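# What follows is a predicted protein model with its sequence.
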Amino acid sequence: MNDEHPGRHKTSAGILLYKKVQGALQVFLVHPGGPFFAGKDEGAWSIPKGEIDEGEDPLAAALREFEEETGCRPEGEFLPLSPVKQKCGKTVLSWSAEGRCDAAAIRSNTFTLEWPKGSGRMREFPEVDRAAWFTVAEAKRKINPAQAALIDELSSKVSTPA
């Protein structure tokens, strides 16, 4: 999370990982770590994503961020999804891929933040504090509302026979 240019809207890239369990679609979401999201659940979850470095290929950024936030590296065919704009103005570019990641075994990178604010104490927090596989209905309740469109688009693409 880079706030050095508060007036400038950033672009993030991420992966919406999915699997089918007994024919039902499930998606992999992460919960942001740190004190701001500690007590939040519904509407707080996200696809693993992060900012694109200058000159970086967006899909490469999405894969890098997924691995940094979960310890898993998705492989296979990556299908582009339509960009979404979050309430804060950030645009999220994303791809879907069928794959596996053990939600109970994620390993996330960390960030440092003064906490409590104004205390002068710097603390380290995981960027992602947990992950889970959700059914489509559950995921749409858990995910950041702007990202729900990604789940709808994935559902329409995956459930349509080729």
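That came through fine. Numbering: from 1, shown residues only.
# Please make it C-alpha for all contacts and neighbour counts, starting now.
Will do.
# Could you double-check that Leu29 lies in contact with Lys49?
No - contact criterion CA atoms under 8 Å: Leu29 and Lys49 do not qualify, at 10.2 Å.
# Kindly tell me how buried Thr70 is, as a neighbour count.
Residues near Thr70, counting by other CA atoms under 10 Å, number 24.
# and the longest strand seen in the chain, what does it pack onto?
Taking DSSP state E as the assignment, the strand of the chain that covers the most residues is strand 11-21. Packing contacts for strand 11-21, counted by 3 or more CA pairs under 8 Å, 6 or more residues apart in numbering; DSSP states H and E, involve strand 24-32, strand 49-51, helix 58-70, strand 91-98.
# most tightly surrounded among those?
strand 49-51 (a mean of 23; mean count of other CA atoms under 10 Å).
# Residues contacting that one, please?
Strand 49-51 has contacts (CA atoms under 8 Å, 6 or more residues apart in numbering) with Met1, Lys10, Thr11, Ser12, Ala13, Gly14, Ile15, Ala61, Ala62, Glu65, Phe66.
# Tell me where the model's unsure across the chain.
For the chain, residues meeting the criterion pLDDT under 70 lie at 1-9, 160-162.
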